[in-house]
Every structure is written in structure tokens, then in C-alpha cells.
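Undergrad: I would like to see how this sequence folds:
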Amino acid sequence: MLTISVDLMGGDHDPQVRLLACQRFLDRHAHAQILLIGREEALHGWRHARANFVHASEVIEMDDPLEVALRRKKNSSMRICIEQVKSAQAQVAVSAGNTGALMAISRYVLKTLDGIDRPAIAGQMPNVSGGVTTMLDLGANVDCTPEHLLQFAVMGSALVSVLQDKPNPSVGLLNIGEEVIKGNEMIKKTAELLRAAALSGDLNFVGNVEGNDIFKGTTDIVVCDGFVGNVALKTCEGLAWMVGSLLKQGFEKNIFTRMAYLISSPVLAGFKRRVDHRRHNGAALLGLQGLVFKSHGSADALAFETALNRAYEAAEHGLLDRVHERIARALPLLQSTTSANSPDESSELDPLFKADLGLS
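TA: Numbers count the residues shown, from 1 in each chain. Sure, this is the predicted structure:
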């Protein structure tokens with residue numbers, strides 16, 4: 001049995017939404033079991049033969065400051081959920097809770113892999129080729145150095161090589177143009193590091209890419225800082241919402257718009273399904289000594305089930321070990337760029353990362 005630890009309390013919606021997703025997931029996966037972490041009253045009598053419950057007296061709210069989440073709520077459902085992975089009671093953890101809190105707690109409890117300063121959130125965007133483009137970081141690290149983006153590229157390559165069975169996935173650096181001279185100094189320095197990694201055989205770096213390349217599928221992986229990545233993610237979600245809104249309105253203003261609606265609605269419906277963020281929910285927190293997946297906070301039952309599916313697939317394919325192997329091969333490169341401020345086992349969070357998360 002493969003065990004998934006689920007933060008029952010994390011997210012914008014009532015826990016019943018996540019329970020419904022867990023029910024559907026377990027019904028479709030006979031070799032999976034779930035550890036539900038939260039308050040017992042949230043179950044409302046829900047039971048399943050392959051689901052066990054672990055009590056947590058505290059809940060990290062979506063607007064809780066990081067100081068509270070990390071240092072004061074030590075019996076939160078999110079923290080206990082992550083600790084199940086640390087203690088090997090579960091192979092992977094899934095939470096729809098506060099992103100900053102999940103990142104900080106995961107890093108503090110699980111620690112990062114050798115050669116990695118910061119974990120990154122890696123998600124998938126649909127592209128016109130019918131596949132997906134893996135993008136990172138999607139919001140964990142707002143302020144990044146070139147060295148961080150190099151680490152993201154190595155971790156993203158490891159993820160894609162495992163989940164998409166591509167031994168040498170292509171990597172693009174998100175920029176305002178393809179030319180080498182484009183971009184700010186941080187991007188130019190990052191490009192230099194990525195080109196050096198390509199020459200040494202550690203990466204398949206193909207150069208700069210632009211925003212539209214994400215959806216063209218120009219490269220398997222697109223690397224950027226968390227600020228830009230999160231904006232791109234929300235733009236994609238907004239596009240899906242816009243198409244859905246147009247379908248709902250039905251263009252029913254006059255006979256001509258009704259005719260246009262009848263002709264275009266099948267295409268728009270297919271497009272809406274293709275870019276529906278619920279069907280691409282579930283982003284891996286890469287760089288940790290344990291598997292953690294982040295679900296969208298507003299995930300409905302379909303979206304949360306998708307996140308559970310992604311987490312299950314990652315654990316089933318031995319993602320953690322295979323990512324570790326890939327990073328180990330690139331360790332000489334990464335160690336040459338790892339921040340001197342990277343925390344050791346006894347410390348909490350490095351100063352830059354704390355500032356990024358809003359901690360004092």
C-alpha cells in the first residue's frame with residue numbers, strides 16, 4: 001500500500017470537499033491508503049476502509065502570518081501532515097493550505113537536498129502540442145538569485161525525466177526576448193550559468209524563451225522566479241475562467257451572436273477543458289528530503305482529486321529517489337553555486353528565505 005498524508009483542514013473550502021475527493025481517489029486506487037490529518041469533528045462520521053485519522057488540534061488559516069504558522073502552531077494539521085512523511089508513515093503529503101506556510105514548514109521539517117538552497121513549486125501548464133510544459137518556480141520564491149534558478153532548472157529536469165520518461169528534457173529561461181542581450185542582469189547571469197551547465201552535460205538548456213512559448217510547448221521546462229511564475233499561473237487560470245464565462249453567456253444578444261455561439265461552442269468547450277486548471281492541479285515542492293504536493297487553495301473535489309492523483313503517481317514512480325539521483329549527478333555544479341547562507345540541519349531558515357516569506 002502507498003500512503004498519502006492529507007491535510008484535511010487546509011484550503012478555502014469546507015473539509016467535506018477534500019473528503020469527497022479522497023473518497024473518489026480511494027475508489028479508483030485499490031493500492032492506496034490515506035492518513036487524514038485534522039480535527040475529528042470535520043469528518044462528520046466519514047469512514048473508509050483504507051483511510052485512517054490522525055488528530056491535530058490546530059489549523060493554519062490562509063491569512064496566518066508565517067511567524068504564527070511556523071513557530072506557534074506546532075500541532076497544526078499541516079505540520080503533522082508533513083511529519084508523517086518525515087517519520088515514513090506516509091510516502092507523500094498533500095495540502096491545499098497556505099502556500100508560504102507549507103513551504104516554510106516543509107523545509108524546516110524535511111530539510112533540503114544537498115546542493116539545493118530553496119525548494120521550488122513545479123507545476124504543469126497545458127500547451128498546444130497536447131502535452132504540458134513544466135514551469136518553476138510558481139510562487140514559493142519571489143526574490144531569487146541566478147544560482148537559485150540554476151537549481152530550479154536541475155530539479156525541473158529531474159521531475160520531467162521521471163514523470164514524462166524524458167531522459168534529457170529541454171530547458172528554457174523565461175525572458176522578454178530570445179536574444180542573449182535581452183533581460184535584466186539577474187536573467188543574463190542566470191543564462192550564463194545555464195549555458196555552462198549545458199556545456200558540462202548537466203542540462204539541456206536551449207536558451208531564452210518568451211511567455212507565449214509556455215503554451216506553444218517550445219521547451220519541456222520553463223524556469224523563472226516565483227513572482228513571474230505565479231503571475232503566469234494566474235493568467236492561465238483567468239483565461240480558462242474567461243472562456244467559461246463566454247460559454248455561460250452563450251453570446252445570446254441577437255441572432256448573429258447566437259449563430260456564432262452554436263458554431264464556436266464545441267471548440268470553446270474543448271479549449272476550456274484543456275486549460276481548466278482543476279485538471280492540472282497539484283504542484284510538487286522540489287528540493288526537499290521528502291515528497292510534498294501543493295493543491296490550489298480554492299480546489300474543488302475534482303481539483304483536489306487531481307492533486308492526489310499527481311502525488312500518488314509521483315510516489316509510485318519513486319520520484320524522490322530519482323530526483324535525488326539526478327541532483328547528485330549535478331552536485332559538483334550545484335555545490336559551486338550553493339549559497340553560503342544555506343541552513344544546516346540544526347538551523348531554521350536562511351535570512352534571505354525568511355525575508356522572502358515575510359519572517360523577521
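Undergrad: The protein: helices as residue ranges?
TA: 15-28, 66-67, 77-86, 99-110, 146-163, 185-199, 211-216, 226-249, 255-275, 301-316, 319-329, 331-335, 351-357 (DSSP state H).
Undergrad: Would you mind getting the angle between the third one and helix 319-329?
TA: To tie it back to what came earlier, the one meant is helix 77-86. On the basis of axes from the mean of the first three to the mean of the last three CA atoms, to 10 degrees, helix 77-86 is oriented at 70 degrees to helix 319-329.
Undergrad: Can I get helix 77-86 in PDB, CA atoms only?
TA: C-alpha atoms of helix 77-86 as PDB (Å, rounded to 0.1, in the frame of the first residue of the first chain):
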ATOM      1  CA  SER A  77      -2.800  19.700  10.600                       C
ATOM      2  CA  MET A  78      -0.300  21.000   8.000                       C
ATOM      3  CA  ARG A  79       2.700  20.400  10.200                       C
ATOM      4  CA  ILE A  80       1.600  16.900  11.400                       C
ATOM      5  CA  CYS A  81       0.800  16.100   7.800                       C
ATOM      6  CA  ILE A  82       4.400  16.800   6.800                       C
ATOM      7  CA  GLU A  83       5.700  15.000   9.800                       C
ATOM      8  CA  GLN A  84       4.000  11.800   8.600                       C
ATOM      9  CA  VAL A  85       6.500  11.900   5.600                       C
ATOM     10  CA  LYS A  86       9.400  12.600   7.900                       C
END
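Undergrad: and for it, what are the contacting residues?
TA: With contact meaning CB atoms under 8 Å, 6 or more residues apart in numbering, helix 77-86 is reached by 3, 5-10, 35, 37-39, 54, 56, 58-60, 69, 73, 90-95, 97-98, 101-102, 105-106, 109-110, 290-292. Heads up, the C-betas are built off the backbone N, CA and C, glycines and all.
Undergrad: Can you flag which of those residues belong to strands?
TA: 3, 5-7, 35, 37-38, 54, 92-95, 291-292 (DSSP state E).
Undergrad: what's the most distant pair in the residues you listed?
TA: Within those, two members stand farthest from each other by CB to CB: 38 and 291, at 19.9 Å.
Undergrad: Now the residue nearest to the spatial centre of the chain. Nearest residue, chain neighbours left out?
TA: Computing the C-alpha centroid of the chain and ranking residues by CA atoms, centre = their mean puts residue 283 first, at 2.2 Å. Among residues not flanking residue 283 along the chain, residue 123 sits closest, at 3.8 Å (CB to CB, 6 or more residues apart in numbering).
Undergrad: So what sits opposite the one you found in the bridge?
TA: Beta-bridge pairing of residue 123, defined through DSSP bridges, involves residue 135.
Undergrad: my read: residue 2 touches residue 91, true?
TA: Yes. In this structure residue 2 lies within contact range of residue 91 using CB atoms under 8 Å: 5.6 Å.
Undergrad: the more surrounded of those two?
TA: With neighbours defined as other CB atoms under 10 Å, residue 2 and residue 91 compare such that residue 91 has more, 23 against 15.
Undergrad: Got the phi and psi for that one?
TA: With angles defined as degrees, to the nearest 10, residue 91 sits at phi -90, psi -20.
Undergrad: quick one: it from residue 324, how far?
TA: Counting by CB to CB, to the nearest Å, the gap from residue 91 to residue 324 is 14 Å.
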